[in-house]
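In: mind looking at a prediction? Sequence and model below.
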Amino acid sequence: MMDKKIKTLENKLDSLSMTLEKIKISEYTEIINNPKRLLFVNFIGGLARGLGMAIGFTLLAAVVVYLIRQMVDLPLIGKYIAELLNIIENYR
């Protein structure tokens, strides 16, 4: 009876151990306990996100400009841009 409970407990413990290893909990605790590594990992992640957003916004803006050029006459937009530039120059 006791051997069966011990075996069941060992099986559950092995299962828990495998689950923790699969989710890489040891690497996570290592990063949390090392502030320099945590800052480095977050810095690199921030750079990657910033670069990704910049590239994504550039592509999105290019598609929008392309679509606008197909739908609207460009000199019409040029007049508005010229007027905006005049307003900016007068403000300085």
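Out: Right, received. Where do you want to start?
In: tell me, how many neighbours does I44 end up with?
Out: 10 (other C-beta atoms under 10 Å). In short, each C-beta sits where N, CA and C put it, glycine included.
In: grab the most central residue of the protein for me.
Out: Central residue of the chain (C-alpha atoms, centre = their mean): R49, 4.3 Å from the mean position.
In: which SSE is that one in?
Out: Taking DSSP states H and E as the criterion, R49 maps to helix 35-71.
In: so which elements touch that helix?
Out: If contacts are counted by 3 or more C-beta pairs under 8 Å, 6 or more residues apart in numbering; DSSP states H and E, helix 35-71 sits against helix 25-33.
In: let's test this: mean pLDDT of the helix it packs on, rounded?
Out: For helix 25-33, mean pLDDT rounds to 81.
In: picking up where we left off before, how far out from the middle of the chain is the helix holding R49?
Out: On the basis of C-alpha atoms, centre = their mean, to the nearest Å, helix 35-71 sits 9 Å off its chain's mean C-alpha point.
In: give the buried residues for it.
Out: Buried positions in helix 35-71, judged by neighbour count with 16 or more other C-beta atoms under 10 Å: none.
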